[in-house]
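Enquirer: Sequence unavailable; structure follows:
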Ligand SMILES: *[C@@H]1O[C@H](CO)[C@@H](O)[C@H](O)[C@H]1NC(C)=O
């Protein structure tokens, strides 16, 4: 009997102690030293209860809400998803729930309040020479990593690509690849261009050769002519005569 009394006391006393702190029941609120029934979510109080009448509740006006039973005279204003804070609307506000915002496309949330995002920033971009190791999500940033070896990425690839091997394609490398760009290949001289080049070279050799020969002959001619002029005029006049005949 004695032990039972003790048990009852230890259980009941703490419970009573809690109850003494708030005089009103769980779904009531205290106003003017009186307990009034709360209004349900989506509503707020128009008139507090009196001895005769229960609380008069009013649905929240547009763009306001209450998401818990309450004794508020005013509903809370709905949050706005501001694009300047990197936000877009995920779920519109109702009378009993606040707006739910999410990060804009290519943004990720860095500050949350319950299920709604309240601040988001843009995903980082990978630099040339890096690849996207992990794409950004609504809650994580992009993860970049450097290209290594004989590979490249312009910063928007999901992996580094191997440089094109020009000689394996029967081409010649006109520009070596870097970590951010592929190698550039060009056509090696084809048979027809080779022929064209050799023809041009041959012609050039022939022309230069001829020009030199002509100049040399001309030089020789003028020098022998001068000598014959001084020594003997006859051969010329003889030639002229022969032409006339
Ligand atoms: C990288 O290359 C891809 C396809 O080749 C192109 O669409 C993209 O605009 C390039 N990005 C940059 C940052 O140059």
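Expert: Perfect, I can see it now. Predicted, not measured: the structure shown is a model, and the values here were computed from it.

Enquirer: And whichever residue of the chain sits closest to the ligand, what's its pLDDT?
Expert: Relative to the ligand, the nearest point of the chain is residue 154 (3.7 Å; CB to the nearest ligand atom). Yep, even glycine has a C-beta here, placed from its N, CA and C like the rest. As predicted, residue 154 sits at a pLDDT of 96.

Enquirer: Count the neighbours of it for me.
Expert: Residues near residue 154, counting by other CB atoms under 10 Å, number 16.

Enquirer: didn't it look like it was pressed against residue 178?
Expert: No. With contacts counted by CB atoms under 8 Å, residue 154 stays clear of residue 178, the gap being 10.3 Å.

Enquirer: May I ask you to confirm that residue 156 is in contact with residue 126?
Expert: Yes. Residue 156 is within contact range of residue 126, at 7.1 Å (criterion: CB under 8 Å).

Enquirer: The two: which is more packed in?
Expert: Set residue 156 next to residue 126 and count neighbours by other CB under 10 Å: residue 126 wins out with 21 against 11.

Enquirer: circling back: which neighbours do residue 156 and residue 126 have in common?
Expert: Residues touching both residue 156 and residue 126 by CB atoms under 8 Å, 6 or more residues apart in numbering: residue 132.

Enquirer: For residue 88, the count of nearby residues, please.
Expert: With other CB under 10 Å as criterion, residue 88 counts 15.

Enquirer: Any idea what residue 102 is bridged to?
Expert: residue 88 (DSSP bridges).

Enquirer: ok, it - contacts?
Expert: Applying CB under 8 Å, 6+ apart, we find residue 102 in contact with 81, 87-90, 109, 116-117, 120, 138.

Enquirer: And residue 66, by the same measure?
Expert: 39, 41-44, 60, 72, 75-76, 95-96.

Enquirer: Restricted to helices, list these.
Expert: Among the contacts of residue 66, DSSP state H puts none in helices.

Enquirer: Of those, which count as buried by neighbour count?
Expert: Buried members of the contacts of residue 66, scored by 16 or more other CB atoms under 10 Å, are 39, 41-44, 60, 75, 95-96.

Enquirer: Enumerate the residues of the protein near the ligand.
Expert: Proximity of the chain to the ligand, by CB under 6 Å from any ligand atom, involves residues 154-156.

Enquirer: Nearest to residue 188 among the residues you listed?
Expert: Nearest to residue 188 out of the residues of the chain next to the ligand is residue 154 (CB to CB; 27.5 Å).

Enquirer: isn't there a helix covering that closest one?
Expert: No. Counting by DSSP: H, G, I helix; E, B strand; the rest coil, residue 154 falls outside a helix, being coil.

Enquirer: quick check: domain ranges of the protein?
Expert: As assigned by automatic domain parsing, the chain contains the domains 21-77, 142-186.

Enquirer: Just the endpoints, please. Distance across the shortest one?
Expert: Right, the one you point to is domain 142-186. Here the two ends of domain 142-186 are set 36 Å apart, with distance taken as CA to CA, to the nearest Å.

Enquirer: give me phi/psi at the closest residue in space to residue 147 that isn't next to it in sequence?
Expert: Nearest residue to residue 147, sequence neighbours excluded (CB to CB, 6 or more residues apart in numbering): residue 160, at 3.7 Å. The phi/psi pair for residue 160 (degrees, to the nearest 10) reads phi -80, psi 140.
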